[in-house]
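Q: give me coordinates for this.
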Amino acid sequence: MKQTTLFLILAVFVSGCAIGPRYREPKMELPQSYRSYKTVEQGEAMVNMPWWKVFNDQTLQELIRETLANNYDLRAAAARVDEARAQVGVTRSQIMPHTDLTSSVSRDRNSKDLYPWLEPLTSTYTGGFNTAWEVDLWGKIRQSIRASKAEFLATEDARRGVMVTLVADAAQTYFTILELDLELDIATKTLKTRSDNLDLFRKRFQGGTASGLEVARAEADYQQTAANIPEIERQIAIQENKLSALLGRNPGPIQRTATLDKQSFVPAMPGSGLPSEVLKRRPDIMGAEQMVRAANATVGVKVDEFLPLVNLNNFVGGAGERPSKVFDSDGYTWTIGGDVKMPLFQGGKNVYNYKAAKAQWQQSVAYYKQTVVTAFHEVADALVGIEKIKKVREEQEKQVEALKESAKLSLSRYDAGLSSYIEVLDADQQYYSAQTSLAKTQGSQLIYYVQLYRALGGGWQPEETKK
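A: Numbering: from 1, shown residues only. The predicted structure is shown next:
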């Protein structure tokens, strides 16, 4: 009995050692700066700002809150986190002894030739506690626990990644709706202008100072603008339905009061040290690294399968010829023992399992590095977009003002008989087209900021509770 106790104590101490590769963070070359990123503004960097400080529009904030509360993709992601957390408990349970309450009954027909002293028919009843314990000598179970924990943390990062996507998608869709609202407003006002021009040409035609061709051209321009309005309304409805889906609602209109030109979306740009901040903030990068950790631990599990497996088991209970005698003092019984299994030949199963685990580790490392490269790529695209779209907007604003004046002067010249109707229609068409292009640019400018915020990994921070 002393030897058994000593063996158990030794097994516990030895099981603290885990055989397998140590985890090392994958090394890769990180960029020191971003292409076309020259301006560093003062103030709190966007990378450190939660969404309720980045998106100042109150309506948008309420929409984001509703999205985070009701979106079904986020609920599914949260359930996956719960599943992974429970799986950690399942894996951890393997390191503890397992005890079962057991009972059995058997009836035997004994051979008279072999056992002439026994009754021809005998019954055996047993009941008690059966305990089994796999001694984690080489750390196989501990490595499995590490892998399970890393997978759990990866699901938590994946949930945060869903939040990032939802916040960005809600904001981007909202700004797209505002941009289409502005296009609709421009088209409606242009339709009024072209209606006035058509009335002017008709009056001049009736007075004999204009041709039917002028009236036909003016009417064609009017109908073209009128046809644009239902198309814009269709696009607005599609975007509203898209946002409704993010909100967990049935398709329907989205209430809003803001206009695109009144959006105060000018957060400070990130300063120096941006590459390392991306690594710290983006949930997909953190999740990819956790999967590397899990794959590394799994390799350790497969290494341990080449080593001896030690199992301890014992039974404490009673046995008797009748159920009433099972728990008598004379029926008390116990057994204690164990076994050691050393894999010798299994057709190469352990070798191939190890090779497969090694290949999975290599895949996870490659995926992690690709995720990092993609992150830098997305940040760089957003930064260059913000930088260039600002210049585009400045030039388009000047163009719109110039074409507005041109349309006004061309109409005055036409009234004075100094120009043809072609000049009036051409100036009006250019003015309408320039206004629409500027509206699209204004929407794109806000969307580039949203894309930068998404690329930096913002949007998953829990909102501050008001006291």
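Q: show me the strands in the stretch 251-400 of the chain, by range?
A: 309-320, 332-341 (DSSP state E, counting those that start in this stretch).
Q: walk me through the domains of this structure.
A: Domains of the chain are assigned by automatic domain parsing as 17-96+136-306+348-455, 99-134+308-342.
Q: how far does the shortest one sit from its chain's centre?
A: What it means is domain 99-134+308-342. When C-alpha coordinates are averaged (Cα atoms, centre = their mean, to the nearest Å), domain 99-134+308-342 and its chain have centres 54 Å apart.
Q: check stretch 300-316 too.
A: Averaging C-alpha positions (Cα atoms, centre = their mean) puts stretch 300-316 38 Å from its chain's average.
Q: what count of nearby residues applies to Gly128?
A: By the criterion of other Cβ atoms under 10 Å, Gly128 has 21 neighbours. In this view, the C-beta of every residue, glycine as well, is placed from N, C-alpha and C.
Q: and what of Ala84?
A: If we define neighbours as other Cβ under 10 Å, then Ala84 has 20 of them.
Q: that one: which element?
A: Per DSSP states H and E, Ala84 falls inside helix 72-92.
Q: what packs against the helix or strand just after that helix?
A: Next along the chain after helix 72-92, taking DSSP H and E as the criterion, comes strand 98-109. Where contact means 3 or more Cβ pairs under 8 Å, 6 or more residues apart in numbering; DSSP states H and E, strand 98-109 is packed against strand 121-135.
Q: go with 10 Å
A: Counting contacts by 3 or more Cβ pairs under 10 Å, 6 or more residues apart in numbering; DSSP states H and E, strand 98-109 packs against strand 121-135, strand 309-320.
Q: could you dump the ones you listed into CSV with distance to Tyr421 and mean pLDDT added?
A: Output for the helices and strands packed on strand 98-109, formatted as CSV (distance: least, Cβ to Cβ, whole Å; pLDDT from 0 to 100):
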stretch, distance to Tyr421, mean pLDDT
strand 121-135, 93, 88
strand 309-320, 94, 90
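Q: any idea which of those strands gets closest to Ser148?
A: In terms of Cβ to Cβ, the element of the helices and strands packed on strand 98-109 nearest to Ser148 is strand 121-135, at 16.2 Å.
Q: who wins for proximity to Gln429 among the strands of the stretch 251-400 of the chain?
A: Closest of the strands of the stretch 251-400 of the chain to Gln429 is strand 309-320, at 82.2 Å (criterion: Cβ to Cβ).
Q: could you give the angle of the closest one to strand 332-341?
A: Counting by axes from the mean of the first three to the mean of the last three Cα atoms, to 10 degrees, strand 309-320 lies at 160 degrees to strand 332-341.
Q: so where's the chain uncertain?
A: Applying pLDDT under 70 to the chain flags residues 1-18, 32-45, 47, 262-278, 464-467.
Q: which residues in it form helices?
A: Taking DSSP state H as the criterion, the chain contains helices spanning 2-14, 51-54, 58-70, 72-92, 140-206, 212-247, 274-281, 283-304, 349-415, 421-455.
Q: how many residues are close by the closest residue to Glu214 other than its chain neighbours?
A: By the measure of Cβ to Cβ, 6 or more residues apart in numbering, the closest residue to Glu214 outside its immediate chain neighbours is Tyr421, 4.2 Å from it. By other Cβ under 10 Å, 20 other residues sit near Tyr421.
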